[in-house]
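**Student:** structure here, sequence nowhere to be found:
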């Protein structure tokens, strides 16, 4: 699958089969995530792979939109480490780019994934910080449920909105 096909056909997947994600697939997902651009090449990210069933289920108790974790074999918590930043305050952008790379890589490999937002919700941030025991200075940004899709994937939807494109100046 080429890059544009991956971009235009990727969809959020919230239902997963029982098939495990292999270590080779996980390694490739993490490599793709870490290939993302970052401000001043700081690469201030860390990734916590959660595949313990009790921990995945626990997340659904404090994250109201994480029901996909009930079926997902694993989730990847994307975290920004402020201690590694070479461009202070940019960890959110850097980790968002890594998250998108992870989502596109999963799709291109035939896996399903969904971005479960964490920032800026205090209950989600604190819940994940405590659950995975993040050190001070490391901030959870996004949680991505990953697995093999169950059933048919949703069809592509056209999202291009020409009225949202402005050239040189804002115009209504």
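**Tutor:** Good, I have the coordinates. Treat the numbers as computed from the prediction; the structure is a model and nothing was measured.
**Student:** strands along the chain, start to end?
**Tutor:** According to DSSP state E, the chain carries its strands in the segments 45-50, 74-81, 112-117, 138-147.
**Student:** give me the sheet partners of the third one and which way each runs.
**Tutor:** Strand 112-117 has the following sheet partners, assigned by DSSP bridges: strand 138-147 (antiparallel).
**Student:** before we move on, what about the second one?
**Tutor:** In its sheet, strand 74-81 lies beside strand 45-50 (antiparallel), strand 138-147 (antiparallel), with partners assigned from DSSP bridges.
**Student:** so what's the gap between that strand and the chain middle?
**Tutor:** 7 Å (Cα atoms, centre = their mean, to the nearest Å).
**Student:** do the last one as well
**Tutor:** Relative to its chain's centre, strand 138-147 lies at 5 Å (Cα atoms, centre = their mean).
**Student:** offset the numbering so it begins at 10, please.
**Tutor:** Okay, residue one is now 10; in that scheme the one you just asked about reads as strand 147-156.
**Student:** distance of residue 163 relative to residue 11?
**Tutor:** As defined by Cβ to Cβ, to the nearest Å, residue 163 lies at a distance of 20 Å from residue 11. Quick note: C-beta positions are derived from backbone N, CA and C, even for glycine.
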